[in-house]
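Peer 1: Sequence and predicted structure are below.
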Amino acid sequence: MLKPVATDIESLKILDERLRWLSAWTIHHANHLREHADGLKVGGHQASCASMTAIMAALYFHALGPSDRVAVKPHAGPVLHAIHYLLGSQSREALENFRGFGGAQSYPSRTKDKIPVDFSTGSVGLGVAITLFASLIQDYLTAHGWMDEADRGRFVALIGDAELDEGNIYEAIIEGAKHDVRNLWWIIDYNRQSLDATSADRMFERFDEIFQSCGWRVIELRYGKKLSAVLAEHPTLKAWFEQLSNAELSALHYQGGAAWRKLLDGEFGKDAAEFLAQYDDDALAALFTDLGGHCMETLIEAFDAAQNDVPTLFIAWTIKGFGLPFAGHKDNHAGLMNPTQMAALREAMNVREGEEWEKLEGVAGNARPGVEALIERSRVARDKRARAFGSIAIPEIPAPAGDEQSTQAAFGRILLDLSKAGGELADRIVTTSPDVTVSTNLGAWVNQRGLFRRSEIADVFAKEKIASAQKWGANNNGQHIELGIAESNLFLMLAAAGLSGDLFFRRLFPIGTLYDPFIARGLDALNYACYQDARFLLVATPSGITLGPEGGAHQSINPPLIALGQPGLRHYEPAYADELAAMMEHAFRLIDDPNGESTYLRLSTRSITQVERADDSWREGALAGGYWLREPGDNAEAAIVAMGAVMPEALAAWEELSADIAGLGLLAVTSPDLLHRGWTKAQASRWHGAREPSHIEQLLSRLSRNAGLVTLADAAPASLSWIGGVLGQRVAPLGVEKFGQTGSLADLYAAYRLDGAAITEAAAELLLQNG
Ligand SMILES: Cc1ncc(C[n+]2csc(CCOP(=O)(O)OP(=O)(O)O)c2C)c(N)n1
Ligand SMILES: [Mg+2]
């Protein structure tokens, strides 16, 4: 970690003001000056920005080193843009087009913004927690020798106080404590206001204890230097000040000096007279708004003093809307200054009309060199960092042998074989699981590659020679990061590991496993990972009612629909082990391809008879989303369209019905997601180039236009039923629409209509309609 450079507090204070001005002006311009044809409110958060300009000036122009990474609270996005504008890495056009198409994004976005954004934010709480997982990944990379210790950075989260209500933050710090996380600074912009109003008071006395018990150092920056000195001299005033509620304090900040005077006069009468006589109303307001998060000296001192790697929580007291006319007002979250208020601010900031975008407008001549030097000296990256892709050779992944296999067991075998064969890909794989490592078949891989911990943990059972199939010792060479049961943490870990090529210039191949129904537990974190274009392989197993005796609480229904609607994540659902091997190989390529994406494999514990393959022609179709497992006759009147673990039922029904339905085909769908994407893309391409029929159109065009399709999936039937819309063919959709329950497969498939009888009935229904 680099030592912070000595700096000029006065210049930093000027930069604080510049950031307040530029962020407010950017939002004002977008709302009041830019043309809007659609009449939609543009929005922006001037108050949320003003509350942390001092903190951000202190960081970006003083404390941050080149390897440090920051997650900026979503509503302070314009401050980050203003910083990069001053640094020369953001354009005036992008600021003028704030919240416009192609302009600076409302909330910092890694992928959409042109400036370097370390972590996207928007869904509160997630940006905070990902910094912790990124720090663990940094430790992982240095432990494995892929990153120099000297290049290690600190991970900073700038947090709105209301974000602390998000439970994922506590899940993360608990996990962090287990892994001895370090190099974190979490800085709370403690303005005691959320979106709706002022925050509840009581919990805040607890946050320091919660963090401390997870091993954090907590530093409260309550007062600025001026106020701190005055309160030290007047203990009664201090005690009175500290018992004010959040709402009272905010109201006073809004009302200003006269209100403070009246209240103090009423409270202390004669005793306050001498004190009050020293201040006019403005000075009184300035005194009481001198909170730690606005006092540059306090911030710099605190940051300079916290240079070791102990994870540190700074509680920086601030005022929401500091320096703006609605400072402290409980309704100011989305408040916008009107043109008159903005003009007054402009004048107060010495900004000439027409010169609003001038970077250092209003900064007096003799102050300029100091400010310019600070901007020049800032050590943060000015340019977007290149992403590391394409460096790892992906070997062919053969299918594991065996006539009867489940996709889940095959997954374990494939990883084990990869591990034994060794090579760069195997070394770069990092696996992680929220306490379902063994039950998702990662066990053999972990036995080979070991658990990762910075400090060695002995396998007590092995030492005591107690028989166990699973080795559970950990050291810093291990390649499996075991997590507690918190699926949100799994996805944040995958997000951080999946950004390793971007954050640390070393691509990892992260694989996360969990039970399919519990994807829903971490859904927003999964979406967050995809939004940032993190690359990983998600293996969800077991899935569906095919889980039989495990019962309804563990039987997933809708994840294929989730995947159908999730950008950045490709769903594959193999029936056979050879399909799975092809998909895993492809998923690894997609991780390491600039135009790739993440992959979600939905697997099953059902062991099924593998199919004989005449050749490899199925493979391309399987990777594209589907292939004819049993070819249809030309213009056939019907087909069975099936996915995943219920393929044996589909095959048996095909055998039985083929005698009666000439040319009956069996289409094995491996990815409804890819088929749907291809379909819509082909339609759009008609208008933007040549119209190529999509994969699903090509497959279905083998059938008659009036053909009937029986679709079958151990999932919500809508996963496949849409296929009828592609060429206007009729569909009888079979799938699971009610919660599952315990039972044998025969019982359940009969009850939920996934068996041969149901397929026959559905086919008959379609053929009857034909007649
Ligand atoms: C998960 C999620 N829920 C709700 C919101 C809507 N929202 C945006 S900001 C906000 C309140 C933020 O208050 P705080 O974190 O204290 O920020 P500040 O006061 O600094 O604006 C809410 C509820 C969101 N962005 N994300
Ligand atoms: Mg707040």
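Peer 2: Now that the structure is in, tell me what you want to look at. Ligands and ions are numbered 1, 2, ... in the order given.

Peer 1: can we go C-alpha only for contacts and neighbour counts from here?
Peer 2: OK.

Peer 1: so what's the residue nearest to Val310 when sequence neighbours are not counted up against?
Peer 2: Distances taken as C-alpha to C-alpha, 6 or more residues apart in numbering place Arg182 nearest to Val310, at 5.4 Å, with adjacent residues excluded. Neighbouring residues of Arg182 by C-alpha atoms under 8 Å, 6 or more residues apart in numbering: 135-136, 309-311.

Peer 1: what about 7 Å?
Peer 2: Arg182 sits next to 135, 309-311 when contact means C-alpha atoms under 7 Å, 6 or more residues apart in numbering.

Peer 1: Gln555 too?
Peer 2: 517, 543-545, 547, 740.

Peer 1: Roughly how far does the residue most central in space within the chain sit from ligand 1?
Peer 2: Nearest to the mean C-alpha position of the chain, by C-alpha atoms, centre = their mean, lies Tyr528 at 2.6 Å. Separation of Tyr528 from ligand 1 (C-alpha to the nearest ligand atom, to the nearest Å): 11 Å.

Peer 1: Equivalent analysis for Glu96, please.
Peer 2: 22 Å.

Peer 1: Let me know the closest of the contacts of Gln555 to Thr53.
Peer 2: Pro517 (42.6 Å; C-alpha to C-alpha).

Peer 1: Isn't the closest one up against Ser556?
Peer 2: Yes: counting by C-alpha atoms under 7 Å, Ser556 is a contact partner of Pro517 at 4.4 Å.

Peer 1: if we can go back for a sec, most neighbours among the contacts of Arg182, which one?
Peer 2: Neighbour counts for the contacts of Arg182, by other C-alpha atoms under 10 Å, peak at Pro311, which reaches 26 neighbours.

Peer 1: wouldn't that residue be in contact with Trp185 here?
Peer 2: Yes: if you go by C-alpha under 7 Å, Pro311 and Trp185 touch, sitting 6.0 Å apart.

Peer 1: Can you list the low-confidence ranges for the protein?
Peer 2: Applying pLDDT under 70 to the chain flags the ranges 1-7, 770-771.

Peer 1: what does it put close to ligand 2?
Peer 2: 160-161, 191, 193-194 (C-alpha under 5 Å from the ion).

Peer 1: What are the phi and psi values at the residue with the largest distance to the centre of the chain?
Peer 2: The centre of the chain is farthest from one residue, Lys270, which by C-alpha atoms, centre = their mean lies 56.5 Å away. Main-chain torsions, Lys270, degrees, to the nearest 10: phi -50, psi -40.

Peer 1: Where does Gly176 fall, secondary structure wise?
Peer 2: helix 167-178 (DSSP states H and E).

Peer 1: Centre of the chain to the helix or strand just after that helix, how far?
Peer 2: Once the chain leaves helix 167-178, the next helix or strand it forms, by DSSP H and E, is strand 184-190. With C-alpha atoms, centre = their mean, to the nearest Å as the basis, strand 184-190 stands 19 Å off its chain's centre.

Peer 1: quick one: the following helix or strand past strand 184-190 to helix 167-178, angle?
Peer 2: Downstream of strand 184-190, the next assigned helix or strand under DSSP H and E is helix 204-213. Between the axes of helix 204-213 and helix 167-178, defined by axes from the mean of the first three to the mean of the last three C-alpha atoms, to 10 degrees, the angle is 30 degrees.

Peer 1: Give me the sheet partners of whichever helix or strand comes after helix 204-213 and which way each runs.
Peer 2: Following helix 204-213 in sequence order, the next helix or strand is strand 217-221 (DSSP H and E). Paired with strand 217-221 in the same sheet, following DSSP bridges, are strand 312-317 (parallel).

Peer 1: Could you check the angle the partner strand makes with strand 184-190?
Peer 2: Using the same axes, to 10 degrees, strand 312-317 lies at 10 degrees relative to strand 184-190.
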